[in-house]
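Trainee: Sharing a sequence plus its predicted fold:
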Amino acid sequence: MIPQKITEEMTARRRDFHKYPERGWTEFRTTAICAAALERLGWRVRFADEFIEPARVMGRDIDAAAEKRRALAQGAPAEAMSRIGEYTGLCAELGEGSPLTVMRFDIDCVETAESAEPSHRPAALGFASVNAGLSHSCGHDGHAAIGLALAEMLANERQNLRGTVRLLFQPAEEGVRGGYAFAPLARGADHFIASHLGLGLPTGVVCGGMGGFLCSTKFDAEFTGRAAHAGGEPERGRNALLAAAQAALAIHSIAPHSGGVMRVNVGVLSAGEGRNVVPPHALMKIETRGENDGIAAYAYERAEAALKGAALMYGAELAVTKRGETTAAESDEKLARIITDEAASVPGVTGTRLHRRISVSDDACWLMRETQKSGGLAAYACFGADAPAGHHNGAFDLDEAALPIALETLYKTAARLNAAE
């Protein structure tokens, strides 16, 4: 049974993280708070600059100095902040030797504005986002809070554990930009567990292992044409807007793949300078997804061909920049069964499911594959949480009753996997 003090602190932390959301690679405040809490509990903490290979970082385009100033202004502990370098996130370890159990908790927010409606509970209770255009509308605030509560429970029972428990507080899951950089930390792990709150399951239902994740590539396409007077000499222009519009239609017309699930989406198209100017610039933000590496490669290659064709048609230059990428992975049944077995006796659990297919993407798949490649077991668990709106919606909120269910299940699972002989 979880001590009431830990549950209350976990809920308070979730609300604090919710109030101060940080987008991918800018989670300086969250990282500093996690580091300070973990070190007080006796965990060995390494900041991301100590282990990240810069070549593995994707989609990082930030003003680190400005983000650090905001983090300090919003209450980040100064001492921990002083030790954070360029990259956010951290790794924390307890114990030594084998077995090695790794658990990942993502910490970034979504780039969407939060609802200010009085019926929205965070707004009504005063913990809605204060950072414009950013909100924890996917539950990562809860994930980070669960990770810290789990760290406290494991630290209190360290004498009953063998081997090593490694907790990863990972940045930039949104846009699948951070997992590849953290994947080497799962190399050689005996067990790897990622988890998520909600995902359409009601509070009380626990799924031990999810699969069906889609490989995905996120990329930007920039068209550069030539401005001209739209009435006086339109023939001198090179219309970047029309090139992008042509490409958008072509991408959404890519033939589906007979081998499995495939998705494409042009999420953003912005272009133009004025109503009487041939548009010289256009930006597109695009994603492709596939059930496996082959289908994902097909979708990306056809999208790239559509972009190049449109650029050629309108005489525009094209630059494509990859912003994020992830692979697919499946949960191992043996580890998923351990999670559901432990969940069955947790207060508040009303049902368990061994496996569930979910056609989304998550960069935890890099860590799952890394674990499985070296012979370890990996699982992606889901803890149901009632919500008034779907994920990535400004009205999203979590039923906080799901937090202690997730915490106790993960604690019991870690204790079982690393029980002292």
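Mentor: Nice, thanks for sending it over.
Trainee: what about the helices in the stretch 101-250 of the chain?
Mentor: 121-125, 140-156, 179-182, 240-251 (DSSP state H, counting those that start in this stretch).
Trainee: Of the ones you listed, which is nearest I405?
Mentor: For I405, the closest of these is helix 140-156, at 9.8 Å, according to C-beta to C-beta. For glycine as for every other residue, the C-beta is placed from the backbone atoms N, C-alpha and C.
Trainee: tell me the mean pLDDT over the closest one?
Mentor: What helix 140-156 shows for mean pLDDT is 98.
Trainee: what number of residues lie near the closest residue to L161 other than its chain neighbours?
Mentor: Setting aside the residues directly before and after it, L161 is nearest to N418 in space (C-beta to C-beta, 6 or more residues apart in numbering), at 4.7 Å. Residues near N418, counting by other C-beta atoms under 10 Å, number 24.
Trainee: ok, N418 touching R162?
Mentor: Yes: taking contacts as C-beta atoms under 8 Å, N418 lies within contact range of R162: 5.6 Å.
Trainee: Give the intersection of the neighbour lists for those two.
Mentor: 95, 99 (C-beta atoms under 8 Å, 6 or more residues apart in numbering).
Trainee: separation between M368 and A73?
Mentor: To A73, M368 is 37 Å away according to C-beta to C-beta, to the nearest Å.
Trainee: try H257
Mentor: From H257 across to A73, the span is 49 Å (C-beta to C-beta).
Trainee: Leaving out chain neighbours, which residue sits closest to R323?
Mentor: Nearest one to R323, counting by C-beta to C-beta, 6+ apart, is G59 at 3.8 Å.
Trainee: Which residues are in contact with that neighbour?
Mentor: G59 neighbours (C-beta under 8 Å, 6+ apart): 24-25, 172, 175, 177, 218, 323-324.
Trainee: and the two most separated of these?
Mentor: Farthest pair in the contacts of G59 (C-beta to C-beta) is W25 and K218. Separation: 13.7 Å.
Trainee: Find residues that contact each of the two.
Mentor: 59, 177.
Trainee: Redo the helices of the stretch 101-250 of the chain as a markdown table? Include distance to D108 and mean neighbour count.
Mentor: Supplementary listing: the helices of the stretch 101-250 of the chain in a markdown table, determined by distance: least, C-beta to C-beta, whole Å; neighbours: other C-beta atoms under 10 Å:
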| stretch | distance to D108 | mean neighbour count |
| --- | --- | --- |
| helix 121-125 | 18 | 15 |
| helix 140-156 | 6 | 24 |
| helix 179-182 | 11 | 27 |
| helix 240-251 | 27 | 22 |
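Trainee: Three-state assignment for I2, please.
Mentor: When classified by DSSP: H, G, I helix; E, B strand; the rest coil, I2 comes out as coil.
Trainee: just the angle between the helix ranked longest in the chain and helix 240-251, please?
Mentor: For the chain, the longest helix by residue count, based on DSSP state H, is helix 293-314. Going by axes from the mean of the first three to the mean of the last three C-alpha atoms, to 10 degrees, helix 293-314 is angled at 150 degrees with respect to helix 240-251.
Trainee: Toward the C-terminus from helix 293-314, list the very next helix or strand.
Mentor: Once the chain leaves helix 293-314, the next helix or strand it forms, by DSSP states H and E, is strand 317-326.
Trainee: Note down every partner strand of that next one and its orientation.
Mentor: Using DSSP bridges, the strands paired with strand 317-326 are strand 215-224 (antiparallel).
Trainee: which element is the closest residue to A378 other than its chain neighbours on?
Mentor: Spatially, and ignoring its direct neighbours in sequence, A378 is nearest to M368 (3.9 Å; C-beta to C-beta, 6+ apart). Taking DSSP H and E as the definition, M368 sits inside helix 364-373.
Trainee: what does L283 give?
Mentor: Taking DSSP H and E as the definition, L283 sits inside strand 281-290.
Trainee: quick check: mean pLDDT across that strand?
Mentor: Across strand 281-290, the average pLDDT comes to 98.
Trainee: now for it, which elements pack on it?
Mentor: Applying 3 or more C-beta pairs under 8 Å, 6 or more residues apart in numbering; DSSP states H and E, one finds that strand 281-290 makes contact with strand 215-224, helix 240-251, strand 262-271, helix 293-314.
Trainee: Which one's more surrounded, H257 and A73?
Mentor: Comparing H257 with A73 by other C-beta under 10 Å, the one with more neighbours is H257, at 17 against 9.
Trainee: show me the contacts for the closest residue to that one other than its chain neighbours.
Mentor: What sits nearest to H257 in space, not counting adjacent residues and going by C-beta to C-beta, 6+ apart, is I295, at 4.8 Å. With contact taken as C-beta under 8 Å, 6+ apart, I295 is in contact with 215, 257, 259-262.
Trainee: Which one (most neighbours) among these?
Mentor: The most crowded member of the contacts of I295, judged by other C-beta under 10 Å, is C215 (25 neighbours).
Trainee: what's the burial count for E333?
Mentor: Per other C-beta under 10 Å, the neighbour tally for E333 reads 15.
Trainee: Test my guess that it contacts T340.
Mentor: No: assessed by C-beta under 8 Å, E333 is found out of contact with T340, at 10.2 Å.
Trainee: joint contacts of those two?
Mentor: Residues touching both E333 and T340 (C-beta under 8 Å, 6+ apart) are L354.
Trainee: check contacts around the closest residue to A230 other than its chain neighbours.
Mentor: Distances taken as C-beta to C-beta, 6+ apart place N276 nearest to A230, at 4.8 Å, with adjacent residues excluded. Residues in contact with N276 (C-beta under 8 Å, 6+ apart) are 229-231.
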